[in-house]
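[1] dropping a prediction and its sequence here:
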Amino acid sequence: AVGAALKLKLSSGGVDSATVAALAARAGPMPTFSVLSRSTLGSGDAEAAHEVAAALGVPNHPVYLDEPSLALRPDDWRRILWSCEYHVAGPEQLFKYCLHAFARQRYPSLKVILLGQGSDEFNGGYISNTLRNARAWQRADWQRLDAALRAMAAEQAARTAGFSDVDIQLMLSGLLDGAPMSGNAPAGRPPNTWQRYTDRWRKNLDVHLWHEDRTAAAHGIESRVPFLDHRLLECLATIPEQHHAELFVDKQILRRAAARLLPASLANRPKGNFFYGRQQHHAFDMMYSLLARNHAELIDQAIAGSQRTGGPLDPYRFRGYFREVGAYRTTRQMTRLCELANMGILADLAAGASAAIRPSRLPLHDVVWDDWTASPAGRSALRLSKRRDLPGEVVVGFAAGTSLVEVKSAGAGVPGPGATFLVLDDGRLTTAVTSPPWSRFLAAIDGKRSIDAVAAIARIAREDVRTELGAALDEGVLIDVEDLQS
């Protein structure tokens, strides 16, 4: 029987969640939950969560949230947004809201879920990101980290003081006196590199913990974060400065402890990014489709909410911006669009529209991992998620509804005759194809020729289009014909 105070582990497959799961499993085989979607397969998160559960011998529920077929309505997003009470919300909050909804449906007496949040901020998980390091760590990098953190703090102080981006860049380059960027330094001993790191990144928790709490509490669940236990934080704060680089780079202090609890492949798994990665476009396409549903009902509500509350959204220009972002849905553009729309929607809901949200039960289910991976859909999804570089003999074709068009005559705002565009299945134009080798490669694709044959007909070397080909496959514009037939 499932007890009223059963604690369940929300597993992402990273070393943080895996360590908490390993410790919690000592009390018994507690169920774990993970998101199974095209984007989490692309990031490696979905498979890693399964591997963690299998290694620990605990049940895992991969909640199947296939982005293209997830039947969400505008009211579902209104409910998610109203639960979050914050305009910074997008695919991550949608996934986690659905995950908690399933957990509560599956275990009605569920009270608590354990999370791995807080580890990156205090165990060093963002150090390589701070330096944008793609290589092995070197001793001199600790000094580089200190310089990078000082620059970040100075830039933030300058923004707070009202300096423009141009002013800040000139100060950082040394062309202008950087003294105004230093702000008012606190009295006493200056912070060391590790204190600068935690001061910088612990601010993340204001947003992360808010969303975790809101998406869980919407279903009557309490989120708990063992890595933020005051005893752990006090222990980390007492580590002598001379050991900081040794223990905090790439979370070595945690990985060494995890090595006693987990297989080496899991204890040393590189930091992941939930749904961000090679197939993240599926998550952003899902969000755009949700905003566009019912003739862009949510966009209209955002505009109405802005107007009701004296907000800044211009109706004509915002609708135009919505269409513009839809043409090529980059992470930056989609994040900005969601935040702008969310502010207007929340304003309208707060003004009284929340009473009109219709309750509904989300269409959620989990899968049996081995059965799903053996199915045609699972095999195809895994093949796409693992792909890094297709062999030359693989036959590629355009995804269903996608085609290449050439401009014959140009109007205002359209490149001149000869320019080519990709048209996607919903009529969207991508940005113009500006690379002549890539344009010739696309023109030679017929769904029957191999990559090498297409390159030969286009009279180019395969290396000339390696980057564009990888991006087109990741974004679903081109597809392995084997996938089309499976």
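    Perfect, thanks for sending it. Numbers count the residues shown, from 1 in each chain.
[2] in the stretch 301-450 of the chain, where is pLDDT below threshold?
    Scanning the stretch 301-450 of the chain for pLDDT under 70 picks out 328, 386-390, 407-419, 423-432.
[3] quick one: the strands in it?
    For the stretch 301-450 of the chain, the strands defined by DSSP state E, counting those that start in this stretch occupy 396-398, 403-406, 420-423.
[4] list the helices and strands the second one packs on?
    By that I understand strand 403-406. Packed against strand 403-406 by the contact rule (3 or more C-beta pairs under 8 Å, 6 or more residues apart in numbering; DSSP states H and E) you find strand 420-423. Glycine gets a C-beta too; all of them are placed from N, C-alpha and C.
[5] buried set for the strand it packs on?
    For strand 420-423, burial by neighbour count (16 or more other C-beta atoms under 10 Å) applies to 420-422.
[6] which of these sits closest to residue 125?
    Nearest to residue 125 out of the buried residues of strand 420-423 is residue 422 (C-beta to C-beta; 37.2 Å).
[7] that closest one and residue 406, how far apart?
    11 Å (C-beta to C-beta, to the nearest Å).
[8] so for residue 21, which of the strands of the stretch 301-450 of the chain sits nearest?
    Evaluated with C-beta to C-beta, these place strand 396-398 nearest to residue 21, the distance being 39.7 Å.
[9] and residue 480, bridged to which residues?
    residue 396 (DSSP bridges).
[10] tally of neighbours for residue 471?
    For residue 471, the number of neighbouring residues by other C-beta atoms under 10 Å comes to 14.
[11] confirm it sits in a helix?
    Yes. Assigned with DSSP: H, G, I helix; E, B strand; the rest coil, residue 471 falls within a helix.
[12] pLDDT score for it?
    pLDDT for residue 471: 71.
[13] swap in the one 10 residues further on?
    Per-residue confidence for residue 481 comes out at a pLDDT of 74.
[14] likewise for residue 267?
    On the pLDDT scale, residue 267 gets 91.
[15] I'd like the numbering to begin with 25 instead of 1 from here.
    All right, first residue 25 from here; so that's residue 291.
[16] so what's it up against?
    Residues near residue 291 by C-beta atoms under 8 Å, 6 or more residues apart in numbering: 39, 42, 279, 282-283, 285.
[17] ok, and the closest non-adjacent residue to it?
    Nearest in space to residue 291, with sequence neighbours left out and distances taken as C-beta to C-beta, 6 or more residues apart in numbering, is residue 282 at 4.0 Å.
[18] regarding residue 110, what is its secondary structure?
    Applying three-state DSSP: residue 110 is coil.
[19] and the gap between the closest residue to it other than its chain neighbours and residue 416?
    What sits nearest to residue 110 in space, not counting adjacent residues and going by C-beta to C-beta, 6+ apart, is residue 234, at 6.2 Å. Residue 234 sits 49 Å away from residue 416, going by C-beta to C-beta.
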